[in-house]
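Asks: Give me coordinates for this.
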Amino acid sequence: MTFNRSGNVPGIESDQLLTLKGDVTKREDLDQLADYQFEIVVDNISVNKSIISNLLEALSGRNEIKYLLTSSSAVYHLIRNQKENNFKESDVDVYHQYERNSLFQDREWDYIQGKADCERLLLDSNFSQKVIIRPNVILGKRDPIKRTNYFLERVHDKEGVLLPDEGHNTYHLVYSTNMARFYFDLIKNSNNRENLIVNYAQDEIFTNKKLISMIDKCNNFETPIFNVGKEKFVENEITPPPFGKWGKYELDLTLLKEVESQQTITPVVDWIKDLNDEYLQLREESYAFSFREKERALIKTLGKVK
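Replies: Coordinates of the predicted model:
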């Protein structure tokens, strides 16, 4: 059974899948759930206390349910000023009201705080098992945001990539196929933990420079990289790369390695190749394609990093 934030989503219909058309922001739409029995909820859509409160109210009294909430590693930005690296599951206290971090725009802070609110409300619920997954940036084929295409289109036009940090800021990524398998395993297999809060990402530590190098290897390229200060992106009205924005940002994956089957993980080199092949087949533009002409003009004034 699926239930979505803005009605029925094209492409998920199946004879074996019951899709209820509704909007979780409307409490009356959730009354449909009263007619059905189910054991597991996978909540990928709650982004604030209003949405998850609607869901929890609609499911009240069903304490036997196993509830899986997709939160976000963004909750660690609540403590960004206090701790810059090696974030553990326990570092964020979702019951604490953190002061707003001026590093983030209002919409970014609202998202960060909203995910923390969702975690707190779920932990306060009476469900028999509560699982909170905090993934980092999720990539995969048919990604509607096309963040990876930012790099792919720049590598393939062979005119170079602008990086604000020489490509050295570290981060983790998540491949959607690996994450889907992890969720499936969590659904199939019960564990003895009443509550499980776990960071989710692939173990590989990336930098933008490393990601570009891996794409290069798929194509036998050597992409020129140009270093510019962040202020140059602002001055020239150019959007920066989608990853590596926040300095060194690595998640503690110790608990994940205990609960995830390592045998089912698609290796990084394979999914980078999958994304490269998809780009070559579809040539879909990234969200930042319109800035490419401005980037070319700036590149002409710069020296290469490599």
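Asks: ranges for the strands of the stretch 101-250 of the chain?
Replies: 129-135, 138-139, 161-163, 174-175, 195-200, 225-227 (DSSP state E, counting those that start in this stretch).
Asks: Name the strands paired with the third one and say parallel or antiparallel.
Replies: This means strand 161-163. When pairs are called by DSSP bridges, strand 161-163 turns out to pair with strand 225-227 (parallel).
Asks: can you check the first one too?
Replies: Sheet partners assigned to strand 129-135 using DSSP bridges are listed as strand 66-70 (parallel), strand 195-200 (parallel).
Asks: Could you dump these into a markdown table and include distance to residue 125, mean pLDDT and mean neighbour count?
Replies: Bear in mind the C-beta positions are built from the backbone N, C-alpha and C, glycine included. What follows is the strands paired with strand 129-135, written out as a markdown table (distance: least, Cβ to Cβ, whole Å; pLDDT from 0 to 100; neighbours: other Cβ atoms under 10 Å):
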| stretch | distance to residue 125 | mean pLDDT | mean neighbour count |
| --- | --- | --- | --- |
| strand 66-70 | 7 | 95 | 20 |
| strand 195-200 | 10 | 93 | 20 |
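Asks: Any chance of the ones you listed in TSV with distance to residue 283 as columns?
Replies: Formatted as TSV, the strands paired with strand 129-135 follow (distance: least, Cβ to Cβ, whole Å):
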stretch	distance to residue 283
strand 66-70	30
strand 195-200	30
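Asks: Quick check: phi and psi on residue 77?
Replies: Main-chain torsions, residue 77, degrees, to the nearest 10: phi -70, psi -10.
Asks: so it touches residue 102, yeah?
Replies: No: with contact defined as Cβ atoms under 8 Å, residue 77 does not count as touching residue 102 (11.8 Å).
Asks: Comparing the two, which residue is more hemmed in?
Replies: residue 77 (24 against 8; other Cβ atoms under 10 Å).
Asks: Tell me who's in contact with the more buried one.
Replies: Applying Cβ atoms under 8 Å, 6 or more residues apart in numbering to residue 77 gives the contacts 101, 103-104, 108, 112, 246.
Asks: With residue 187 instead?
Replies: 40, 42, 66, 68.
Asks: Identify the bridge partners of the third one.
Replies: Beta-bridge partners of residue 66, counted by DSSP bridges, are residue 40, residue 129.
Asks: re earlier: hmm, which two among the contacts of residue 77 are most spread apart?
Replies: The two members of the contacts of residue 77 with the most space between them (Cβ to Cβ) are 112 and 246, at 11.6 Å.
Asks: of the contacts of residue 77, the lowest pLDDT goes to which?
Replies: Minimum pLDDT across these is recorded for residue 246, with 75.
Asks: Mind checking which of the contacts of residue 77 land in helices?
Replies: The members of the contacts of residue 77 that map onto helices under DSSP state H are 108, 112.
Asks: So how do I select the buried members of the contacts of residue 77 in ChimeraX?
Replies: ChimeraX command restricting the contacts of residue 77 to the buried ones, with burial defined by 16 or more other Cβ atoms under 10 Å:
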select :104,112
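Asks: Need the contacts of residue 77 in JSON lines (columns: distance to residue 254).
Replies: What follows is the contacts of residue 77, written out as JSON lines (distance: Cβ to Cβ, whole Å):
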{"residue": "101", "distance to residue 254": "26"}
{"residue": "103", "distance to residue 254": "27"}
{"residue": "104", "distance to residue 254": "27"}
{"residue": "108", "distance to residue 254": "28"}
{"residue": "112", "distance to residue 254": "23"}
{"residue": "246", "distance to residue 254": "21"}
